[in-house]
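Undergrad: Sequence first, predicted coordinates after that:
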Amino acid sequence: MPLKFSLVIPTYNEAVNIAKLCRKIINVLDRISLDFEIIIVDDNSPDGTWRIAEDLAKQDLRIKLVRRMRARGLGSAVVSGWEVSQGEILGVMDADLQHPPEILEEMLNQIFNHQEIDIVVASRYAAGGGIENSSFWQILRPQLAIFLGAIFVPKIFKSVKDPMSGYFILRKKVISGIQLRPLGYKILLEVLAMGSYKKVYELPYSFAVREAGRTKSGWKQYFIFLLQLIKLKIKFVMRQ
């Protein structure tokens, strides 16, 4: 039986992007004749993102909306989407069009054609990847995060070049029976720390410039990231 793919898109104030992104994703997944669902998890966006997602879901039954009235946060939104998913393959990507849907086909091919691969990460830092038109601060902030991550959880940062990527897919069994409680938006870190998997494959890509809307990334998110690293470090110590 062919595997089903469940792609979660966490949203907050992405009304200008969500319809265009869904069209792009559907074009890619229809081309490879894949059984899939797109789960939009919206944190009750003031700009009405959830209304657009609701309309999209009426037009295409493969699109679903989870509207969270009180909960907030990208990481927990992803977990909420995965909890209602029906696929054997799970995924996540941002709604801001900085993650190219076109590489989904190759990401899925890696999972379907290689049984030993359990996680495929779209990687900015694998050979051939990069960040388009990046400013000094856009380069410095992720490098600072990588430096901190290598101190707190070196095992993860030595084995995966971009463990903070927000664009990845995995076999559902990787997180089966595991209670994920991510802080902030670095959900992949939580999966790599808590999940059960054999091999991670990194597919290089270029992180695009945001076309519309405002970025959610800021120094507050990096403070939350630091708290997440501390939490993961404690979990590693307790396991030993």
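TA: Thanks, I have the structure now. As the structure is a prediction and not an experimental result, all values here were calculated from the model. Residues are numbered from 1 along each chain as shown.
Undergrad: For this protein, just list every one of the strands.
TA: Taking DSSP state E as the test, the strands found in the chain are 5-11, 36-42, 63-67, 89-92, 117-123, 130-131, 168-171, 199-204, 206-207.
Undergrad: rank those strands by pLDDT, which is bottom?
TA: Mean pLDDT is lowest for strand 130-131 out of the strands of the chain, coming in at a mean of 80.
Undergrad: Distance to Phe157 for the strands of the chain - can I get that in JSON lines?
TA: For glycine as for every other residue, the C-beta is placed from the backbone atoms N, C-alpha and C. Shown next, in JSON lines, are the strands of the chain (distance: least, C-beta to C-beta, whole Å):
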{"stretch": "strand 5-11", "distance to Phe157": "24"}
{"stretch": "strand 36-42", "distance to Phe157": "28"}
{"stretch": "strand 63-67", "distance to Phe157": "31"}
{"stretch": "strand 89-92", "distance to Phe157": "20"}
{"stretch": "strand 117-123", "distance to Phe157": "13"}
{"stretch": "strand 130-131", "distance to Phe157": "18"}
{"stretch": "strand 168-171", "distance to Phe157": "16"}
{"stretch": "strand 199-204", "distance to Phe157": "12"}
{"stretch": "strand 206-207", "distance to Phe157": "18"}
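Undergrad: Turn these into a markdown table, including mean neighbour count and distance to Ile26.
TA: Output for the strands of the chain, formatted as a markdown table (neighbours: other C-beta atoms under 10 Å; distance: least, C-beta to C-beta, whole Å):
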| stretch | mean neighbour count | distance to Ile26 |
| --- | --- | --- |
| strand 5-11 | 25 | 10 |
| strand 36-42 | 26 | 8 |
| strand 63-67 | 19 | 8 |
| strand 89-92 | 26 | 14 |
| strand 117-123 | 24 | 19 |
| strand 130-131 | 14 | 27 |
| strand 168-171 | 25 | 16 |
| strand 199-204 | 19 | 21 |
| strand 206-207 | 20 | 22 |
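Undergrad: Figure out which of the ones you listed is closest to Glu54.
TA: Judged by C-beta to C-beta, the one of these that comes nearest to Glu54 is strand 63-67, at 5.4 Å.
Undergrad: what's the spacing between the closest one and its chain's center?
TA: 16 Å (C-alpha atoms, centre = their mean, to the nearest Å).
Undergrad: Spell out which strands sit alongside it in the sheet and which way each one runs.
TA: With DSSP bridges as the test, strand 63-67 is paired with strand 36-42 (parallel).
Undergrad: Output the below-cut-off pLDDT ranges for the protein.
TA: 1, 133-143, 145-149, 151-154, 183-185, 209-240 (pLDDT under 70).
Undergrad: So which residues of the protein form helices?
TA: With DSSP state H as the definition, the chain shows helices at residue ranges 18-31, 49-59, 74-83, 104-113, 136-152, 154-159, 187-194, 219-239.
Undergrad: who's in contact with the nearest residue to Arg31 once chain neighbours are set aside?
TA: Distances taken as C-beta to C-beta, 6 or more residues apart in numbering put Glu105 closest to Arg31, at 7.3 Å, once the chain neighbours are dropped. By C-beta atoms under 8 Å, 6 or more residues apart in numbering, the residues touching Glu105 are 28, 31-32.
Undergrad: again with Leu188
TA: So Leu188 contacts 121, 163-166, 168 (C-beta under 8 Å, 6+ apart).
Undergrad: what's the closest of those to Ile111?
TA: Set against Ile111, the nearest of the contacts of Leu188 by C-beta to C-beta is Phe168 (10.7 Å).
Undergrad: The contacts of Leu188 into a markdown table, with extra columns for distance to Gly195?
TA: Converted to a markdown table, the contacts of Leu188 look like this (distance: C-beta to C-beta, whole Å):
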| residue | distance to Gly195 |
| --- | --- |
| Val121 | 12 |
| Pro163 | 12 |
| Met164 | 15 |
| Ser165 | 15 |
| Gly166 | 16 |
| Phe168 | 11 |
